[in-house]
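A.B. asks: No letters, just coordinates:
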């Protein structure tokens, strides 16, 4: 806008009648915010847009708060309240997209609800963040096996088993049992 010219306003509509006062109030509040704080906020938004931080960081969620939400979601999952558990873990995957555990848990919740396609997506996202997630490999392999995608299932089971050469992990052992069933059924 050129200097000395009056500020242009939008024609009055129900939307502009609400938006303009909002921005005026925002400008008033920002007048008293120290420049360093504005710059720190702008940097945080820039970091978010560049993918260096997630929503949890933008909204200042502490690791303790995120852990509490995960515990509450897991409790709902354990007692069979899958829709409630799903809500917790959907929020957590939005707040921290790169956390493989949140995606793996959401996959497990969806699998229990027989929403196999969505579960595969969540397990695959978990594995993108952590390729050594034995739980996601085993569960995704089981879904692949259920739908007849035997090569994919076998690959997931083999990788899960290879991640536990000592045979101590219950999920890797489950993958071994499922792989045996897969081989028997191929014959």
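C.D. replies: Done, it's in. Owing to the predicted nature of the structure, the values given are computational and were not obtained by experimental measurement.
A.B. asks: list the contacts for residue 112?
C.D. replies: Applying C-beta atoms under 8 Å, 6 or more residues apart in numbering, we find residue 112 in contact with 77, 82. Backbone N, C-alpha and C define where each C-beta goes, glycine included.
A.B. asks: could you redo the last one with a cut-off of 6 Å?
C.D. replies: Taking C-beta atoms under 6 Å, 6 or more residues apart in numbering as the criterion, residue 112 is in contact with residue 82.
A.B. asks: Kindly state the pLDDT recorded for it?
C.D. replies: With respect to pLDDT, residue 112 scores 98.
A.B. asks: which residue sits closest to the residue sitting nearest the centre point of the chain, ignoring its sequence neighbours?
C.D. replies: Residue closest to the average C-alpha location in the chain (C-alpha atoms, centre = their mean): residue 93, at 1.9 Å. Nearest residue to residue 93, sequence neighbours excluded (C-beta to C-beta, 6 or more residues apart in numbering): residue 102, at 4.7 Å.
A.B. asks: And the helix or strand hosting the one you found, what's buried?
C.D. replies: Assessed by DSSP states H and E, residue 102 sits inside helix 100-112. Buried residues in helix 100-112, counted by 16 or more other C-beta atoms under 10 Å: 100-111.
A.B. asks: thinking again about what came up before, residues touching the residue nearest to residue 93, list them.
C.D. replies: Taking C-beta under 6 Å, 6+ apart, one finds 89, 92-93 in contact with residue 102.
A.B. asks: mind checking how far the closest residue to residue 181 other than its chain neighbours is from residue 174?
C.D. replies: Spatial nearest neighbour of residue 181, excluding adjacent residues (C-beta to C-beta, 6+ apart): residue 145 at 7.7 Å. Relative to residue 174, residue 145 is positioned 12 Å away (C-beta to C-beta, to the nearest Å).
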